[in-house]
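Participant: Using only what follows, build the 3D model:
(one chain, ligands or ions: 1)
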Amino acid sequence: MFGQEIDLLKNYPKSKRDTKGRANVITEADREIARQYGKDFFDGDRTYGYGGFSYFPRFWQPVVPDLKAHFGLNESSSLLDVGCAKGFMLYDLQQMIPGMTLRGLDISRYALENAKEEVKELLTLGNAKALPYEDNSFDVVMSINTIHNLEENECAMALREIERVSRGKSFITVDAYRNDEEKERMMEWALTAKTIMHVDDWKQFFRDNGYTGDFYWFIP
Ligand SMILES: C[S@@+](CC[C@H](N)C(=O)[O-])C[C@H]1O[C@@H](n2cnc3c(N)ncnc32)[C@H](O)[C@@H]1O
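Facilitator: Numbers count the residues shown, from 1 in each chain. Predicted structure coming up:
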């Protein structure tokens, strides 16, 4: 069995990215700071990451109906978000599909401490490469732009972990490219990622590591 390549985030607002501009200013030292996933990454200068990571309904609210339809979510479904950051997607799921069992996990203590109050208690500090949940714990496991932040061998562990804790449905997005032009832009833009591949190599990597969930790409 193999998952579907599907853009479940097609209704997430798009932003125009000046990849060349970013490439010209970012240093290895900046990457090191970004990779601490602290205040600098979320709410510091743009050089280190988001340059301000705040809740806006216009981000995830348009995506929830697509998630609901694709996964058949209802009040009795359970979902884990790996790399949940401040829990914004979980909050919109909670609002739009009340009663769902929701959990989030992130490596960032800062993000969890500054998470949206309504979902704070659903979030756990941890690493995608070793999920602290039993086998088959969740109907759906999602991980958006997160597991590519691990080195390839640990990224493989994260794929296996997502597969293990999900009861069969999952969705991930990862940094990727489809041609040389996209590769160049990706390399200019990527700040924290350690595993970036051509989409065909990702698909092979999913197969090699037994990942049977759905997937799509982050291409700046
Ligand atoms: C680009 S952000 C995406 C956040 C959120 N999923 C979203 O789409 O808005 C990547 C997130 O992954 C988290 N992260 C990075 N490495 C991780 C790891 N090994 N395990 C769990 N979370 C990780 C970061 O702290 C950050 O919150």
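
Participant: residue contacts, the spatially closest residue to P220 that is not a sequence neighbour?
Facilitator: Closest residue to P220 apart from its sequence neighbours, by C-beta to C-beta, 6 or more residues apart in numbering: W189 at 4.0 Å. For every residue, glycine as well, the C-beta is placed using N, CA and C. Each residue near W189 by C-beta atoms under 8 Å, 6 or more residues apart in numbering is listed here: R17, T19, R22, A23, P220.

Participant: Where does the prediction get shaky in this protein?
Facilitator: Scanning the chain for pLDDT under 70 picks out nothing.

Participant: all helices for it, in order.
Facilitator: Assigned by DSSP state H, the helices in the chain fall at 19-25, 28-34, 39-43, 57-60, 64-71, 88-96, 109-113, 152-165, 180-189, 199-208.

Participant: sorry, back to before: any idea how far the residue nearest to P220 is from G21?
Facilitator: 10 Å (C-beta to C-beta, to the nearest Å).

Participant: in stretch 64-78, what counts as buried?
Facilitator: Buried residues in stretch 64-78, defined by neighbour count with 16 or more other C-beta atoms under 10 Å: V64, D66, L67, K68, F71, L73, S77, S78.

Participant: Quick check: the two most widely separated of the residues you listed?
Facilitator: Across the buried residues of stretch 64-78, the longest distance by C-beta to C-beta is 18.5 Å; it joins D66 and S78.

Participant: This protein against the ligand: which residues are in contact?
Facilitator: 37, 83, 85, 106-108, 111, 127-128, 144-146, 149-150 (C-beta under 6 Å from any ligand atom).

Participant: hmm, try it at 8 Å
Facilitator: 35, 37, 41-42, 49-50, 53, 59, 81-86, 88-89, 105-108, 111, 126-129, 143-147, 149-150, 154, 158, 173, 192 (C-beta under 8 Å from any ligand atom).

Participant: Please narrow these to those residing in strands.
Facilitator: D81, V82, L105, D106, S143, I144, T173 (DSSP state E).

Participant: Excluding chain neighbours, give the residue nearest to C84 in space.
Facilitator: G104 (2.9 Å).

Participant: what's across from the residue most central in space within the chain in the sheet?
Facilitator: Closest to where the C-alpha atoms of the chain average out (C-alpha atoms, centre = their mean) is I144, at 1.8 Å. Assessed by DSSP bridges, I144 has beta-bridge partners T173.

Participant: Tell me if I'm right that it and I172 touch.
Facilitator: Yes - between I144 and I172 there is a contact under C-beta atoms under 8 Å: 7.4 Å.

Participant: Common neighbours of the two, please.
Facilitator: Joint contacts of I144 and I172 (C-beta under 8 Å, 6+ apart) do not exist.

Participant: who touches the nearest residue to K10 once chain neighbours are set aside in this structure?
Facilitator: In this structure, K10 finds its nearest non-sequential neighbour in D66, 7.1 Å apart by C-beta to C-beta, 6+ apart. Contact analysis of D66 by C-beta under 8 Å, 6+ apart lists L8, L9, K10, N11.

Participant: one more time with 10 Å
Facilitator: With contact taken as C-beta atoms under 10 Å, 6 or more residues apart in numbering, D66 is in contact with I6, D7, L8, L9, K10, N11, Y12.

Participant: now these: which count as buried?
Facilitator: L8, L9, Y12.

Participant: ok so, going back, nearest to K120, out of the helices of the chain?
Facilitator: Here helix 109-113 is closest among the helices of the chain (C-beta to C-beta), at 7.3 Å.
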